[in-house]
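*Asks:* Quick check, what structure comes out for this input:
(one chain, ligands or ions: 1)
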Amino acid sequence: MKAFFALFSLTVAVIGQDKPNLIVIMTDDMGYADVGFNGCKDIPTPHIDSIASNGVRFTSGYVAYSVCGPSRAAFITGRYGQRFGFERNPQYRTQDENMGLPLDEDTIASAAPAGLLFLIGKWHLGATKKHHPLKRGFQEFYGHLGGGHQYMPEMLNIEDSYAAKDEPQSYRTWILKDHKPVPPRKYLTDDFSDEAVSFIERNHNKPFFLFLSYNAPHTPLQAPQKYLDRFLNLKDKKRKTYAAMVSAVDDGVGRVLSSLKKNQINQNTIIFFLSDNGGPTTKNGSNNAPLRGNKGDAWEGGWRVPFAVQWPLGLPKGKEYDHPVVSLDIMATIAARAEAPISTDRPLDGVNLIPFLTGKKEGAPHQGIFLRKFDSGSTAVRSGNHKLVTYEKKDFTGLYDLHEDIGESKNIRDQSPEEISQLKMLWKNWNKSNIDPVFKGLIHTPAWQKKRNQATRKKAKTDHK
Ligand code: CA
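*Replies:* Predicted coordinates:
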């Protein structure tokens, strides 16, 4: 009898709401190795891990760029940012209408299920009123417009977000609820988690899309004592604070999952979890092992990230998926589910993953996954087990078999000239539809930043030896 009622209530839930809800949980600058499902030992992430164990873990999950802004622009449009010139991190310019996601690009909000569309957390796709999330398809917003933020309420001392003159000032603004600044409440990660739970509690009876875009564990490294106390065994101060920040995110993910269960909508909710780029290990204490490189690189550590999805009603449970996938696939997957019309002159670069994950389709979803960094002259293409990396300014070409050598330590370019030609051709074909960057990004690098960048590069070199 009990089983009958359980089945009955599940059927009602499914009939009552045909289209699945969508939640995308994105972390910021989290290392590949910093979740339990990728082998992390010193930071427990049971709730994040449960997404992988209840669904699919992507072992080769990529984002489309190795720093925040362009990676997010690609995710949110389902198109490589190079297609529309978004190839640099936008700086906080509240009057610069060029500095952000081009206004003629559609966003994932247009492909999401009908119903409420809520963005919580980091935006980083333009700080002008024209670029505001509410102008880009979202119906509610609670977050910050810039590339990062202070976490402690006492640090938020600029009330008007649009009064911030530069990036550092934008870190100290009050959080915006839609267009209205709200007085600081609590530790920012907990504040964002509260908003996510409150949103689900208010809207569980209609389809929704929630983009929960934590700015953690991006710098500045800050965490309240209650989270730090969980890591008394960690002696490295940076790693300890980073761990506390990740732990706060994991608590938030747990609360979101509980709220879905309580309201009996967890079965028909698709939840993606991923980081927006690889960890900048020397800056925030993250860990990309066994991958080579860091945030910003064309090496795997720059753009291969923790990535998982669950959808109990439509996907297998506890599956590992090894073919390369990319954050661009999220929009394509959702658009296919929602049968959303896609503009023919701005085709999606992603693929609907559902048939691949259920086994209906075989083979690799992508012929290649691509990276181009205009300013540094670096490129990469991943195809099958092979990856080609070039650093034009250093006249460097590297070919790696990632199945045998995930750490990109054995350059096999001399053994496989044909493979190199094929990968180069693939990349060139992809690059044909790309344009040059449409805004400048960081206009002036302050002296302290230059010094820190130099130190980071030096340390990264030493670490890799
Ligand atoms: Ca980031």
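*Asks:* In contact with the residue in the stretch 301-450 of the chain positioned nearest to the ion: list those residues for me.
*Replies:* At 9.7 Å from the ion, V305 is the closest residue in the stretch 301-450 of the chain, using Cβ to the ion. All C-beta atoms are positioned from the backbone trio N, CA, C, and that covers glycine. Taking Cβ atoms under 8 Å, 6 or more residues apart in numbering, we find V305 in contact with M30, Y32, G61, Y62, V63, L274, S275, D276, N277, G278.
*Asks:* is the fourth one in a bridge, and if so with what?
*Replies:* Read it as Y62. On the basis of DSSP bridges, Y62 is bridged to R304, V326.
*Asks:* SS state for T397?
*Replies:* Of the three states, T397 takes strand under DSSP: H, G, I helix; E, B strand; the rest coil.
*Asks:* Hmm, it is touching L388, no?
*Replies:* Yes. Using Cβ atoms under 8 Å, T397 is in contact with L388, at 7.3 Å.
*Asks:* Overlap of the contact sets of the two?
*Replies:* Joint contacts of T397 and L388 (Cβ under 8 Å, 6+ apart) are I420.
*Asks:* Mind checking which of those two has more residues around it?
*Replies:* Remark: of T397 and L388, L388 carries more neighbours, 24 against 16, as counted by other Cβ atoms under 10 Å.
*Asks:* wait, doesn't that one sit right on D401?
*Replies:* No. Taking contacts as Cβ under 8 Å, L388 lies outside contact range of D401: 11.2 Å.
*Asks:* from the contacts of V305, which two are the most distant?
*Replies:* M30 and Y62 (14.2 Å; Cβ to Cβ).
*Asks:* Counting neighbours, go ahead and name the busier of those two.
*Replies:* The residue with more neighbours, out of M30 and Y62, is M30; 33 against 29, by other Cβ under 10 Å.
*Asks:* isn't there a helix covering the more buried one?
*Replies:* No. Counting by three-state DSSP, M30 falls outside a helix, being coil.
*Asks:* That one is in contact with A243, isn't it?
*Replies:* No. If you go by Cβ under 8 Å, M30 and A243 don't touch, sitting 11.5 Å apart.
*Asks:* Look through the protein and state the residue closest to the ion.
*Replies:* In the chain, the residue found nearest to the ion is C68; the distance is 3.4 Å by Cβ to the ion.
*Asks:* what number of residues lie near that residue?
*Replies:* By other Cβ under 10 Å, neighbour count at C68 equals 23.
*Asks:* again, but for the one 3 residues further on
*Replies:* By other Cβ under 10 Å, 30 other residues sit near S71.
*Asks:* Show me what secondary structure element comes after the helix or strand encompassing it.
*Replies:* Assessed by DSSP states H and E, S71 sits inside helix 68-77. Tracing the chain C-terminally past helix 68-77 and defining elements by DSSP H and E, one meets strand 116-122 next.
*Asks:* So which elements touch that next one?
*Replies:* strand 140-144, helix 188-203, strand 208-213 (3 or more Cβ pairs under 8 Å, 6 or more residues apart in numbering; DSSP states H and E).
*Asks:* For the residue nearest the centre of the chain, give me its contacts.
*Replies:* Nearest to the centroid of the C-alpha atoms of the chain, with distances taken as Cα atoms, centre = their mean, sits D276, at 2.7 Å. Contacts for D276 (Cβ under 8 Å, 6+ apart) come out as M26, T27, D28, D29, V63, C68, S71, R72, F75, V305.
*Asks:* helix or strand right after the helix or strand of the chain with the lowest mean pLDDT?
*Replies:* Least confident helix or strand of the chain, by mean pLDDT, DSSP states H and E, is helix 2-16 with a mean of 39. Next in sequence after helix 2-16, counting helices and strands by DSSP H and E, comes strand 21-27.
*Asks:* Do that following strand and the ion come into contact?
*Replies:* No. When contact is scored as Cβ under 5 Å from the ion, no part of strand 21-27 falls within range of the ion; the minimum is 8.4 Å.
*Asks:* so how far is the first residue of stretch 100-109 from its last?
*Replies:* Stretch 100-109 has an end-to-end distance of 17 Å (Cα to Cα, to the nearest Å).
*Asks:* Same question for stretch 311-331.
*Replies:* Termini of stretch 311-331 sit 15 Å apart (Cα to Cα).
*Asks:* Pretty sure I330 sits against I108.
*Replies:* Yes. Between I330 and I108 a contact is recorded at 7.1 Å, counting by Cβ under 8 Å.
*Asks:* shared neighbours of those two, which are they?
*Replies:* V24, F75, G78.
*Asks:* Counting neighbours, what do you get for the first one?
*Replies:* This means V24. 24.
*Asks:* per the record, what domains does this structure have?
*Replies:* The chain breaks down by automatic domain parsing into domains covering 3-358, 369-462.
*Asks:* Quickly, which of the ones you listed bottoms out on average pLDDT?
*Replies:* In terms of average pLDDT, domain 369-462 trails the rest of the domains of the chain, at a mean of 88.
*Asks:* Determine how far that one lies from the middle of the whole chain.
*Replies:* Remark: domain 369-462 is offset 20 Å from the chain centroid, using Cα atoms, centre = their mean, to the nearest Å.
*Asks:* Pull out the buried residues from stretch 107-114.
*Replies:* Within stretch 107-114, the residues scored as buried using 16 or more other Cβ atoms under 10 Å are T107, I108, A109, S110, A111, A112, P113.
*Asks:* how about Q169, what does it touch?
*Replies:* Applying Cβ under 8 Å, 6+ apart, the residues contacting Q169 are Y92, I158.
*Asks:* hang on, S421 in a helix?
*Replies:* Yes. Secondary structure of S421 (three-state DSSP): part of a helix.
*Asks:* orientation of the helix holding S71 relative to strand 116-122 in degrees?
*Replies:* Angle of helix 68-77 versus strand 116-122, following axes from the mean of the first three to the mean of the last three Cα atoms, to 10 degrees, is 170 degrees.
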